[in-house]
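Undergrad: I would like to see how this sequence folds:
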Amino acid sequence: DHTKSASDLGLPFVCVGLMYQMGYFQQRLTLDGTQIESYDFNDPSVLPLEEVRDSSGRPLRISVEFPDAVVAAGLWKVQVGRVPLYLLDTNVRENSIAKYRDIADYLYGGDQETRIMQEIMLGIGGMRALRAIGIRPTVTHSNEGHSAFLMLERARLLMEENGLSFSEASEIAAAGAIFTTHTPVPAGHDAFPPELVDRYFSQYWPRLGLSRDQFLSLGRVNANDQNEPFSMTVLALKLSTKHNGVSQLHGAVSRDMWQKLWPSFSPEEVPIEGITNGIHTLTWLSDPMAKLFDRHLADDWRSHFADHEFWKSVATIPDAEVWATESELREELIRYVRLRVIERQAEMYTRSEHGRDPSKILDPNALTIGFARRFATYKRATLLFRDRDRAYRLFTDPDRPVQMIFAGKAHPKDQPGKEFVRGISTFIRESGLEGKIVFLEDYDMAVARHMVQGCDVWLNTPRRPLEASGTSGMKAAINGTLNLSVLDGWFPEAYDGTNGYAIGGERQFADFEHQDEFESRQLYRVLEEQVIASFFDRDASGVPVSWITAQKRSIESLIARFSAERMVREYAERFYLPCSLRFIQMLGGGGHPARELVAWKRRMREAWPNVRVVRVESAAADHLRIGETVQVTAHVAIGQINPKDVRVEAYAGGVNENGLIVDGVSSALA
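TA: Got it, this is the predicted structure:
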């Protein structure tokens, strides 16, 4: 979605990734709900790929030094609109050692050694690939720490080309480096043991002019802790200028998580911002909804995805037409689900996987709830079934029929996640709810597209604040599906009390059992008293007016705010353009500004031990009124430092029960 929107906006973009031979797995469930993984080979000859060739017409090759071999990689090009995507492929005949040919066999596969090999090829190999095809970016944008080695390689290239030290070259590289973290979950942050880093980088760090300890310190919070692993996230944060989380809440969570890298900063001052994710609207918008917009909105509605004011006109679309469109989408989803079930039955050589005619699965007139995402445990896929009796009553009410569709894969090594998958299948079977609750196997973009377009309600139950953003709810919202979600990730920015339904509040729980009990009860209550009641409250013509009002409000308020066009514009204005200008400035004169900056930092570090606050004077009384002005004077000894090089600030805010300032604000003292 990011790449498509960059193409739409005409940004000078290029993307780099790995060519996974097997990719992610295909999912099948046994009759008892056990997840089985299988893999298919991705044959480049039948995919929309173009092999990159050199000037003589031969397949282009780049190489990266590994401990016992120089590993070659070819390049495949995928054209995403106007943006080229280059994929590195190590499955080439030049690699005689099998483990190197297989570096990119599986997405998320292998052990830590496989991971570090993948990340070396992506980061170092990726930078060399760009050089080989004649691309010299001013800005690099690393999504997660997996590609962070590119920052080292970029610094190395700058050192060689400009005669710079690593400190000087890394200042230039960092000026044009952006890092986005996508999860607060520890498993999403790769960290390698020092001995593994030794094996793969002992011949590399001398090329940077660094010792072993200096190199390892780049990936450590505590440079003096010889046992601390080498963190790719720490490396990325240290060697980039701009950092962000993928929602406003995630930005705040990330500032708390990584404050340890800026120990003298308050959490509010930690330089990690929030740029909330968005979706490529035309990729996820259904044809029936697009036709509805064609009939009732301005002809150029497709050019207004970042224009919030424009979408207020959604309120004028007749309720009956919105309802007819929603009903059409629900019916199409049910046809798709039934077809998938029939195909699955044919694979299993059984007459009826669900013990009934597939044509009877799901009801086109029932309220349809969707839940589709990775089956990580923190997403709590089974929260709705915590009270099995209450859940059973919910799905068996003949007057207000409710049904649900699940889809999602658990990581092959995530046994608790697999138990969630099996637990849903077990609940369906033991409760006799086959046909009312369906688990669609092998979740992919096709399944996702049908579900976000055809469900009435999109359920999201993560354990706050572990959902960095989430985008499936955005995809659902543009199609008129109402979100029922915990206030986590993107949803606190979206929910206004009229455009969906919220579970819980902004509190966080120390006791997960208590949290699950509290939020499951609230989930049942919101479903029974608000969601279901609104859906089945019909006027004389059979239209649920209050439901349609909420749908239109959801589309109106969310389609522009959570578009990838808005997101990419925000990256461009806040990050890409300033970083590009800064990189060019720092590289000027063969890196002269960087040399000066490094020298200035050295002088400041040497002089800083002599800086001290002599005294602080204030005429403030013991008790202050809100809005009252207070005069503060600070006397600071700065030794040999030039006064132009320092700024004295007052840091003030409310005080918590521990006597610590919370929600503090810094103000420069004149």
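Undergrad: CA-only coordinates of stretch 660-669 in CSV, if you can.
TA: Coordinates of each C-alpha in stretch 660-669 appear next as CSV, following Å, rounded to 0.1, in the frame of the first residue of the first chain:
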residue,chain,number,x,y,z
LEU,A,660,8.0,12.3,39.3
ILE,A,661,7.0,14.8,36.7
VAL,A,662,4.4,13.4,34.2
ASP,A,663,3.4,14.9,30.9
GLY,A,664,6.2,17.4,31.2
VAL,A,665,6.9,20.3,28.9
SER,A,666,10.3,21.9,28.2
SER,A,667,10.6,25.6,27.9
ALA,A,668,13.7,27.5,26.8
LEU,A,669,14.9,30.1,29.3
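Undergrad: Quick one: mean pLDDT over that stretch.
TA: For stretch 660-669, the mean per-residue pLDDT is 87.
Undergrad: Check stretch 213-228 too.
TA: Mean pLDDT, stretch 213-228: 96.
Undergrad: Can you list the neighbours in contact with that stretch?
TA: 152, 191-192, 194, 197, 201, 205, 208, 229-232, 234-235, 238-239, 260-261 (CB atoms under 8 Å, 6 or more residues apart in numbering). C-beta here means a position set from N, CA and C on the backbone, and glycine is covered the same way.
Undergrad: Now the buried members of those residues.
TA: Neighbour-count burial (16 or more other CB atoms under 10 Å) applied to the contacts of stretch 213-228 gives 152, 191-192, 194, 197, 201, 205, 208, 229-232, 234-235, 238-239, 261.
Undergrad: The helix or strand hosting residue 654 pairs with which strands, parallel or anti?
TA: Residue 654 belongs to strand 649-655 when assigned by DSSP states H and E. Looking at strand 649-655 with DSSP bridges, its partner strands are strand 661-668 (antiparallel).
Undergrad: What are the buried residues along the partner strand?
TA: Applying 16+ other CB under 10 Å to strand 661-668 flags residue 664 as buried.
Undergrad: Name the strands paired with the lengthiest strand in the chain and say parallel or antiparallel.
TA: Criterion DSSP state E: the longest strand present in the chain is strand 69-80. Note on strand 69-80: by DSSP bridges, its sheet partners are strand 50-51 (antiparallel), strand 62-66 (antiparallel), strand 83-89 (antiparallel).
Undergrad: Any figure for the gap between the residue most central in space within the chain and residue 378?
TA: The centre of the chain sits closest to residue 182, judged by CA atoms, centre = their mean, with a distance of 4.0 Å. Counting by CB to CB, to the nearest Å, the gap from residue 182 to residue 378 is 14 Å.
Undergrad: Check the secondary structure at residue 569 for me.
TA: Here residue 569 takes the helix state, with states given by DSSP: H, G, I helix; E, B strand; the rest coil.
Undergrad: Quick check: phi and psi at the residue lying closest to it once chain neighbours are set aside.
TA: In this structure, residue 569 finds its nearest non-sequential neighbour in residue 306, 6.2 Å apart by CB to CB, 6 or more residues apart in numbering. Backbone geometry at residue 306, expressed as degrees, to the nearest 10, gives phi -110, psi 10.
Undergrad: Contacts only, for residue 306.
TA: Under the criterion of CB under 8 Å, 6+ apart, the neighbours of residue 306 are 560, 563, 565, 566, 569.
Undergrad: what separates the spatially closest residue to the fourth one that is not a sequence neighbour from residue 97, distance-wise?
TA: Which is residue 566. Spatially, and ignoring its direct neighbours in sequence, residue 566 is nearest to residue 306 (4.4 Å; CB to CB, 6+ apart). Distance, residue 306 to residue 97, using CB to CB: 49 Å.
Undergrad: coming back round to it: kindly export the strand holding residue 654 (C-alpha atoms) in CSV.
TA: Provided in CSV are the C-alpha atoms of strand 649-655 (Å, rounded to 0.1, in the frame of the first residue of the first chain):
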residue,chain,number,x,y,z
GLU,A,649,15.5,24.8,29.6
ALA,A,650,12.9,24.5,32.4
TYR,A,651,11.1,21.2,32.5
ALA,A,652,7.7,21.4,34.2
GLY,A,653,4.5,19.3,34.6
GLY,A,654,2.2,17.5,37.0
VAL,A,655,3.7,15.3,39.7
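Undergrad: Let me see the domain layout of the protein.
TA: 1-109, 137-278+568-603, 284-562, 610-668 (automatic domain parsing).
Undergrad: Could you dump those into CSV and include distance to residue 120?
TA: Shown next, in CSV, are the domains of the chain (distance: least, CB to CB, whole Å):
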stretch, distance to residue 120
domain 1-109, 6
domain 137-278+568-603, 6
domain 284-562, 22
domain 610-668, 39
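Undergrad: sorry, back to before: need the contact partners of the longest strand of the chain.
TA: 3-4, 7, 15, 19, 44, 48-52, 59-65, 84-90, 92, 94-97, 100, 103, 121, 125, 129, 132-133.
Undergrad: hmm, which of the residues you listed are the buried ones?
TA: The neighbour-count test (16+ other CB under 10 Å) applied to the contacts of strand 69-80 identifies 3-4, 7, 15, 19, 44, 49, 52, 60, 62, 64, 84-90, 94-95, 100, 103, 121, 125, 129, 132 as buried.
Undergrad: Output the below-cut-off pLDDT ranges for this structure.
TA: Judged by pLDDT under 70, the chain has its weakly predicted residues at 349-356.
Undergrad: cutoff 50 now
TA: Within the chain, the ranges that satisfy pLDDT under 50 run 351-354.
Undergrad: what's the closest non-adjacent residue to residue 201?
TA: If the residues on either side of it in the chain are set aside, residue 201 comes closest to residue 215, at 6.4 Å by CB to CB, 6+ apart.
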